[in-house]
Every structure is written in structure tokens, then in C-alpha cells.
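Novice: sequence below, structure please.
(one chain, ligands or ions: 1)
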Amino acid sequence: MAPRKIKEGVFSVGAIDWDRRLFDSLIPLPLGTSYNAYLVKGESKTALLDTVEPALLKDLFANLDELGVKTIDYVVSHHAEQDHSGSIPAVLARYPDAKVVTNGKCAGLLASHLRVPASACDIITDGAVLDLGGRSLQFVFAPWVHWPETMFSFLVEDKILFTCDFFGSHLATGTLFADDEHHVYLSAKRYYAEIMMPFRGKYPAYLQKIEAMAPEIIAPSHGPIYRRPEFILDAYRDWTSDKVKNEALVAYVSMHGSTKLMVDRLVDRLVGLGVNVRQFDLATVDIGELATALVDVATLVLATPTVLNGPHPAAVYAAYLAGAIKPKLRHAAIIGSQGWGGKTVDTLKGLLAGLKLEMFDPLMSKGLPTPEDLAAVDKLAETIKARHAALG
Ligand code: FEO
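Specialist: Now for the predicted structure:
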């Protein structure tokens, strides 16, 4: 993708990965992604903000060549992960006078992960300003907008905030700006769920800090750029708030149909009681969809048969995922079926133990659910409705 002008002297020079379908061997990318790098030209100095995934290095270099860049003075590294910093060694080889400008923690990670020598780095402190001549970059430390070393930079005169992973979206698009907000919203929410949600407790303070800076443009390192920052700031205010929806997520796996009968009954009753339901078959689910649904549901119901002595592995994965990404769930239930016993309930409860939520009494049928089992499912639906009503 050719370089694209954001403002006079400020360009998007990264790469679009249209065809990538898996990130970190973990996260599905149904719409691809991008690795945004930015070139900022001052009157005396030129800075490259982040680089790209090494597989697409040629795109970065082609963009720099097209812009006639002969010298880079600074390579700002906001985050040491490979998709943004993996090409720093190659950039330093091509522009040997460039210095990597970053914080001390990031320099340490660049050394251990990418063999970027300490001698190549200029270490900055929180709030430090880098003068480019008529333009200046101010650094804002923001630990845990993915890793502990992450930071933002603010192009003061142009009011552009570069946030690296924060506010990103895994969305390959030739459109520079996020003007199609409905389309971008879903990708940004999914990205928040997968990458950012585990650390959401830190973000209200970051959002306040950003409000005070009043950026006119927010430029993340994945997906399109926001020239109406309120759009993404409002979305993050909502996702990171304590508000949950009157919604239950029923994530199930069934082998011989018994668990599915319990699920069908529960979903039918919840819908009848006016509780919104999201139902996912864990045998085929896209885990990004599941994570996205977890952002603001009030209740998770995990439904599983018993395999050998415990839950179906797909239910274990879902419970582990929920425990790891720490959604703001208020309640959870475990339902399902068993042949003769096992530790299904205890195993799943253990995986959810880190979440501060109310666990409803488990419901496990022995083989096909009996009328009594189904009556208990009806009662669970009523309990969920009552709890949701109590949340307002
Ligand atoms: Fe886009 Fe944490 O890297």
C-alpha cells in the first residue's frame, strides 16, 4: 500500500496484511490486519514511529523510498512486540544513523526479543519531549495497553496522538480513516476484547489523560485512524465501565444431544422472559466472537457433557479464555450432562475462580434430561432474569 498523507509532513507508511488469518497462533483475524507505522518530518529531524511485521518489511521500505526518505533520525518504539518492532534491526541497518527512542523497559525487551543493542537506544522518561524542528513529540507512558512497556506519543503542534496497540482494530482496509464507524466499531470491540480487556481497570485513568490532551486525530498501529476521536473514546468509556447488558451468553458443546436439550430449553426460556441471549457452539466457535460477546454480557452459562472424568476440552478452553480476559461478568452457571459422575463442575469452577461473580447452582443431568432437570433449567432462567432486573 502506498504511503498516505495524514497532514503535511505526516504520513502513514506501514503495511496492510490483507490475508493474515491468525495472530500469535491464537487470535483469528477474519478481516486481516495492518501494521501502521508513521513518518513525521520536522524542519530538522525525521522520525519513524514504529515499524511493521518483518514479513511485510518490503512495504515499509517501498513507502519510505516513494517519499524520498534518505535519512531517519529517530525510530520511536512504542511497544516491543514483533508486529511493531520486529523490523527495527532492518531499519537500523538501512538507516545506520537512526537512534531508537523509547523507554527503558521497552529497550530491555527490544534487546531480549529482537537483539536491538542498548547502544542503539536513546532512553526517554514519561513526559519527555523530542524536538523535530517546528514539531515535537511528547511521550506518555501507558503500561499495559498490551505489555508493561507500552507508551503513546503526542505530536503536540498537530494534536495527533499515536497510541500503538491501544484503540486498534484488526481490520485490513485501504481506507485511511475510520469514517465508516459502524464497520470499524465491531472490529475495534473484538480487538479490545482479545487484547485489552484483561487490563481494563487501568484504562479510565488513561482515557482521562487523553481527554485532557484533546487530540484531533488518534492514530493506532492496527486498523484505520480516528479523525473523530470521540467515537473510539466513547466506545472505550462504555466497554471499560462497570455497565453490563441484560444479556446471557450460552456457550455449549454437546456430544450426544443431552446437553443440547438443556441448552435449548434454557435459551427458549430466557428469550421468553425477555433476556437477550447469545448462543455459541464451542465445537465450531470463532473465539474472537466469543470474546467480543463477553465484553458486556451479565451472565455466562457454560454447558458441557462429561468426557472421561471432566468437562469437554472445548468447555475447558472457553472457561480458561473467560478467566484470562477478565470480562465484567456478574454471574455464571455450569450446566450439562454426565454418564456416571466426574469432576466437570469443579474443574470449570476452578477456571472461573479469578472472576468476581456469583456462581449459580450447577445443573448436571444424568444422560437425557428428565422433566425435573428441565424444570430446574426453567428455574435457572427465572433466576437469571431476576438478577438482571436487579442490576437495572
Ligand atoms: Fe500489535 Fe501488542 O502488538
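Novice: and the one residue in the stretch 101-250 of the chain that gets nearest to the ligand, helix, strand or coil?
Specialist: Among the residues of the stretch 101-250 of the chain, His146 lies closest to the ligand, at 3.8 Å counting by Cβ to the nearest ligand atom. In this view, the C-beta of every residue, glycine as well, is placed from N, C-alpha and C. Using DSSP: H, G, I helix; E, B strand; the rest coil, the structure places His146 in coil.
Novice: quick check: the gap between it and Gly32.
Specialist: From His146 across to Gly32, the span is 19 Å (Cβ to Cβ, to the nearest Å).
Novice: look at these two and report which has more neighbours.
Specialist: His146 (21 against 16; other Cβ atoms under 10 Å).
Novice: wait, what's in contact with that one?
Specialist: With contact taken as Cβ atoms under 8 Å, 6 or more residues apart in numbering, His146 is in contact with 79, 81, 164-166, 195-196.
Novice: what about it, distance to Gly174?
Specialist: 25 Å.
Novice: returning to what we had before: for the residue of the stretch 101-250 of the chain closest to the ligand, phi and psi?
Specialist: phi 140, psi -70 (degrees, to the nearest 10).
Novice: kindly report the residues of the protein close to the ligand.
Specialist: Within the chain, the positions adjacent to the ligand are 79, 81, 83-84, 146, 165, 221-222 by Cβ under 6 Å from any ligand atom.
Novice: these two touch, right, Ala107 and Ser119?
Specialist: No - here Ala107 does not reach Ser119: they are 10.4 Å apart, not a contact under Cβ atoms under 8 Å.
Novice: chain center to the longest helix belonging to the chain: distance?
Specialist: Determined from DSSP state H, the single longest helix within the chain is helix 371-391. The chain centre lies 32 Å from the centre of helix 371-391; the measure is Cα atoms, centre = their mean, to the nearest Å.
Novice: next, the buried residues of that helix.
Specialist: 373-374, 376-377, 380-381, 383-385, 387-388 (16 or more other Cβ atoms under 10 Å).
Novice: Val267: which of these is nearest?
Specialist: Of all the buried residues of helix 371-391, Ala381 has the smallest distance to Val267: 8.7 Å, by Cβ to Cβ.
Novice: so how far is the ligand from that closest one?
Specialist: Per Cβ to the nearest ligand atom, to the nearest Å, Ala381 is found 40 Å from the ligand.
Novice: find the nearest non-adjacent residue to that residue, please.
Specialist: Spatially, and ignoring its direct neighbours in sequence, Ala381 is nearest to Arg269 (3.6 Å; Cβ to Cβ, 6 or more residues apart in numbering).
Novice: what is the burial count for the one you found?
Specialist: Per other Cβ under 10 Å, the neighbour tally for Arg269 reads 20.
Novice: what do you get for Tyr236?
Specialist: Residue crowding around Tyr236 was assessed by other Cβ under 10 Å; the count is 22.
Novice: which residues touch the helix or strand containing it?
Specialist: In the assignment (DSSP states H and E), Tyr236 maps to helix 229-240. By Cβ under 8 Å, 6+ apart, the list of residues contacting helix 229-240 from outside reads 161, 167, 178, 181, 185, 188-189, 192, 197, 200, 203-204, 207, 210-211, 215-218, 226, 295-296.
Novice: buried subset of the residues you listed?
Specialist: The neighbour count (16+ other Cβ under 10 Å) marks 161, 167, 178, 188-189, 192, 197, 200, 203, 207, 210, 215, 217-218, 226, 295-296 as buried among the contacts of helix 229-240.
Novice: show me the residues you listed that map onto helices.
Specialist: Judged by DSSP H, the subset of those located in helices is 188-189, 203, 207, 210.
Novice: now tabulate the residues you listed in a markdown table and tack on pLDDT.
Specialist: Below are these laid out as a markdown table (pLDDT from 0 to 100):
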| residue | pLDDT |
| --- | --- |
| Ala188 | 98 |
| Lys189 | 98 |
| Tyr203 | 98 |
| Leu207 | 98 |
| Ile210 | 98 |
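Novice: now the two most distant members of these.
Specialist: When Cβ to Cβ is used, the two most widely separated members of those are Lys189 and Ile210, lying 18.4 Å apart.
Novice: quick one: contacts for the residue nearest the centre of the chain?
Specialist: The centroid of the chain falls nearest to Ile195 when counting by Cα atoms, centre = their mean (2.7 Å). Ile195 sits next to 27, 146, 165, 168 when contact means Cβ under 8 Å, 6+ apart.
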